[in-house]
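Trainee: Here is a sequence together with a model predicted from it:
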Amino acid sequence: MFLKIFGLILVVVGPLLVIKAEWFLENFGRIEWAEAHLGTEGGTRLFYKLLGIIFIFFGLTMIFNLFGGIVTWVFSPLLPK
């Protein structure tokens with residue numbers, strides 16, 4: 001139940017990051033790493049939008065109870081057989 005609630009929170013926060021990237025930029029400032037690696041101008045905006053999309057993806061996987069399967073699939077090469 002906790003994962004579903006946390007997933008719902010991520011699904012709500014994710015679109016806010018995507019839609020209001022300019023607001024986050026004005027209130028929290030630029031991220032130097034994002035400016036250096038994601039573009040000449042607007043790297044921070046792109047970072048906020050990508051972070052929002054990642055939040056939406058992981059939130060939906062938590063809501064639909066797919067998170068454990070995805071984590072197992074990603075880390076299966078590291079696990080002993």
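Mentor: Yep, it's here. Numbering: from 1, shown residues only.
Trainee: residue boundaries of the helices in this protein?
Mentor: Under the criterion DSSP state H, helices of the chain are mapped to 2-19, 21-28, 32-37, 43-63, 67-75.
Trainee: Single out the most deeply packed of the ones you listed.
Mentor: The highest average neighbour count among these, using mean count of other CB atoms under 10 Å, belongs to helix 43-63 at a mean of 18. Placement of C-beta: from N, CA and C, glycine included.
Trainee: name the helices or strands packed onto that one?
Mentor: Using 3 or more CB pairs under 8 Å, 6 or more residues apart in numbering; DSSP states H and E, the elements in contact with helix 43-63 are helix 2-19, helix 21-28, helix 32-37, helix 67-75.
Trainee: and the angle for the longest one with helix 43-63?
Mentor: It stands for helix 2-19. 150 degrees (axes from the mean of the first three to the mean of the last three CA atoms, to 10 degrees).
Trainee: got a pLDDT number for Leu46?
Mentor: In this prediction, Leu46 carries a pLDDT score of 95.
Trainee: Excluding chain neighbours, what is closest to it?
Mentor: Sequence neighbours aside, Leu38 is the residue nearest to Leu46 in space, at 4.9 Å (criterion: CB to CB, 6 or more residues apart in numbering).
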